[in-house]
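> kindly generate the corresponding structure for this input.
(5 chains)
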Amino acid sequence: MKIFKVDKTLVSTSRISMMEHKPLLVVREKDGGTPQVAVDPIGCKPGDWVLCVGSSAARDAVGIKGYPSDLTIVGIIDKWEMPEDGNSSS
Amino acid sequence: MKIFKVDKTLVSTSRISMMEHKPLLVVREKDGGTPQVAVDPIGCKPGDWVLCVGSSAARDAVGIKGYPSDLTIVGIIDKWEMPEDGNSSS
Amino acid sequence: MKIFKVDKTLVSTSRISMMEHKPLLVVREKDGGTPQVAVDPIGCKPGDWVLCVGSSAARDAVGIKGYPSDLTIVGIIDKWEMPEDGNSSS
Amino acid sequence: MKIFKVDKTLVSTSRISMMEHKPLLVVREKDGGTPQVAVDPIGCKPGDWVLCVGSSAARDAVGIKGYPSDLTIVGIIDKWEMPEDGNSSS
Amino acid sequence: MKIFKVDKTLVSTSRISMMEHKPLLVVREKDGGTPQVAVDPIGCKPGDWVLCVGSSAARDAVGIKGYPSDLTIVGIIDKWEMPEDGNSSS
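Numbering: from 1, shown residues only, chains lettered A, B, ... in the order given. The predicted structure follows:
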């Protein structure tokens, strides 16, 4: 699983019916990082650090059999300080 | 899911029969980015910012059981301004 | 799906029986790029630009149930000019 | 499979019910590397070098059918000296 | 599939029971590259250039239904000269 910070809600009115009305959130591995989109079955808010699962596990984690997700939030991290890692720019 | 901008249609006359005649679009994470190819079950046009699902979920998202896709468009994003991220060159 | 250029045939005499005698081709995203190996159910030749599917879809795309592939050619692109992208070195 | 060093336990009180109470560990490919989170069905401690499986195999490896993991520890490496690789910063 | 060079055997005494006693080999895409670990159902030796399959195909390729692998050796390459690619350091 990877750790992401919730940025904001993504609005996509024209979507395939299988996506239903599940909330989609823009998440990033760090501020300014590449945006990705995760399905949120928990109810997160901007600024939350969350745990996301990918691969085929992302599908069942939504709670709907066969949901077409490849990135799903599975937990909110209680406390997370993003370390100054090697892949940080400064 | 990842966010891509639709570039153009990909023409591949010689394809395996399982691919049928589904439209294939060249998409990029940003202008000038590495081209990837996504199956389009919605009907997108060049310039649209779209949400694509990968992994095994890409298969069912096409709407045909067992379709051999690993990247499928699942929604058109209502409004998207590509942020000036760390991985942009300028 | 990703776009690759066919380089040459890969010879692997000692292989697991599930691989059968399907042709294996060395493919690259661009000239001089990292070589990968794709199963070829179509009959491509060196220099062809091809569309390859990965993930679990690569298995069924070979045309043999449960074939152990994670990269399979699903189409030959009619015409492709590799753009001078940001990830090209020159 | 990839090799990771165990950093610490991750606390996520608010998680989807499918995650149960399995221990989650923050792991890194090297000191200061990007943190990832793995399910630990063995009982590892900080500093252990471990072998992690991803993809769909991560699910069954937890020992619970359909568990939503994409990274699971499958073994503790007896002895591992992280080589000074090309992707090390020094 | 990707091409790797076999480095050495990995010893992991404490492993989940599903891993059984299958040999695990440390492999690298090039000398000094990031080490990964592949299951070896063939019987390779250090220095061999091998073809490895990932994704869900890695599981069945081991020859044991449901084996928890995400990287399995499926063939030994008869002859391979690592080209001086763009991602080589020299």
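
> now for the closest residue to chain C within chain A: which residues touch it?
Closest approach between chain A and chain C, counting by Cβ to the nearest Cβ: A:S56, at 7.5 Å. For glycine as for every other residue, the C-beta is placed from the backbone atoms N, C-alpha and C. Contacts for A:S56 (Cβ atoms under 8 Å, 6 or more residues apart in numbering or on different chains) come out as B:55-57, C:56, D:55-56, D:59, E:56.

> what residues does chain A put near chain C?
Residues of chain A that fall close to chain C, judged by Cβ under 8 Å from any Cβ of the partner chain: A:S56.

> pLDDT score assigned to the residue of chain A found nearest chain D?
Nearest to chain D, among the residues of chain A, is A:G75, at 3.4 Å (Cβ to the nearest Cβ). We have a pLDDT of 98 for A:G75.

> element containing it?
Using DSSP states H and E, A:G75 falls within strand A:71-76.

> next, format the contacts of A:S56 as TSV and append secondary structure and pLDDT.
What follows is these, written out as TSV (DSSP: H, G, I helix; E, B strand; the rest coil; pLDDT from 0 to 100):
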residue	secondary structure	pLDDT
B:S55	coil	95
B:S56	coil	94
B:A57	helix	97
C:S56	coil	94
D:S55	coil	95
D:S56	coil	94
D:R59	helix	96
E:S56	coil	94
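
> so what's the residue positioned nearest the centre of chain A up against?
Geometric centre of chain A, nearest residue: A:A38, 3.2 Å, by Cα atoms, centre = their mean. Contact analysis of A:A38 by Cβ under 8 Å, 6+ apart lists A:4, A:24-25, A:27, A:50, A:52, A:69, A:71-73, B:1.

> any idea of the mean pLDDT in the helix or strand containing it?
Secondary-structure assignment from DSSP H and E places A:A38 in strand A:36-39. Computed over strand A:36-39, the mean pLDDT rounds to 98.

> got it, and stretch A:43-52?
Mean per-residue pLDDT for stretch A:43-52: 98.

> how about it and chain B, touching?
No - counting by Cβ under 8 Å from any Cβ, chain B is not contacted by stretch A:43-52; separation bottoms out at 10.9 Å.

> contact partners for the residue of chain A closest to chain D?
A:G75 makes contact with A:42, A:50-51, D:12, D:14-16, D:19, D:24 under the criterion Cβ under 8 Å, 6+ apart.

> which ones among these are found in strands?
With strands defined by DSSP state E, the entries of the contacts of A:G75 inside them are A:50-51, D:14-15, D:24.

> just the buried residues out of these, in PyMOL syntax.
Selection of buried members from these for PyMOL, criterion 16 or more other Cβ atoms under 10 Å in any protein chain shown:
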select buried, (chain A and resi 50+51) or (chain D and resi 15+24)
